[in-house]
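**Q** Below are the sequence and a predicted model for it; my questions follow.
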Amino acid sequence: MIIRRATQADTEYVAKTVLTALDMDTSDLEWIKSSCADPQSMYSWNKSLIAEDEGKPVGCIISYSGDDYQKLREYTWSRLWKDVDTAAIKQTAIEAYPGEYYLDSLAIEPEYRGNGLGKKLMESAIQEGKELGYDKFALLVAKEKPRLKEYYATLGFEEADEVNFFGHRYKRMVRK
């Protein structure tokens, strides 16, 4: 098992990661693949780490600087959801703030869950953030997933605040 930087060839797997993390259907990746192929997107392959087993991707995490969040969000969402205007984007809760490194999307193939792979990907993304000079890390967890909140707490994340994100309640969790 290795953890490596994603390449453009991993675009489809990164797209699957985004949809899995959002609890969305992964049978149609076409609508999101262009965003994951775009280096300026918040969901880009160039912001991703891949866990690979014998040449096959089995997990992925997308992470980036909170300093870039507003710019990434407006760029990405205006291309993904062309009918969303910038006013609606500005009214949606902020996920990441300047001065923190944001862990956006994480997904592990079902048959690889429960063996610490998610933790390895999280630690790799956190290490990447530290190498970029960050000492604060953040993520969102859906309120209806208390076990996931407990899992992130074991990794040093603490509840910060509650946000409404596209009509769903999330807990922002922060690790310092």
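**A** In hand now; what should we look at?
**Q** show me where the protein has helices.
**A** Taking DSSP state H to define them, one finds helices in the chain at 11-21, 30-37, 69-80, 86-91, 117-131, 146-154.
**Q** For my notes, please list those in TSV and give distance to residue 3, mean pLDDT and mean neighbour count for each entry.
**A** C-beta coordinates here come from the backbone N, C-alpha and C atoms, glycine included. Listed next are the helices of the chain as TSV, based on distance: least, CB to CB, whole Å; pLDDT from 0 to 100; neighbours: other CB atoms under 10 Å:
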stretch	distance to residue 3	mean pLDDT	mean neighbour count
helix 11-21	14	92	22
helix 30-37	19	88	17
helix 69-80	23	85	16
helix 86-91	32	60	11
helix 117-131	5	96	18
helix 146-154	19	91	13
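**Q** Can I get the ones you listed in CSV including distance to residue 102?
**A** Compiled in CSV, those are given as follows (distance: least, CB to CB, whole Å):
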stretch, distance to residue 102
helix 11-21, 13
helix 30-37, 17
helix 69-80, 6
helix 86-91, 16
helix 117-131, 9
helix 146-154, 13
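**Q** mind listing what the closest residue to residue 64 other than its chain neighbours touches?
**A** Nearest residue to residue 64 in three dimensions, chain neighbours excluded: residue 47, at 4.7 Å (CB to CB, 6 or more residues apart in numbering). Going by CB atoms under 8 Å, 6 or more residues apart in numbering, residue 47 touches 62, 63, 64, 104.
**Q** switch the cut-off to 10 Å
**A** 5-6, 14, 36, 39, 41, 61-65, 68, 72, 102, 104-105, 125, 128 (CB atoms under 10 Å, 6 or more residues apart in numbering).
**Q** do you know how far it is from residue 110?
**A** Residue 47 sits 24 Å away from residue 110, taking CB to CB, to the nearest Å as the criterion.
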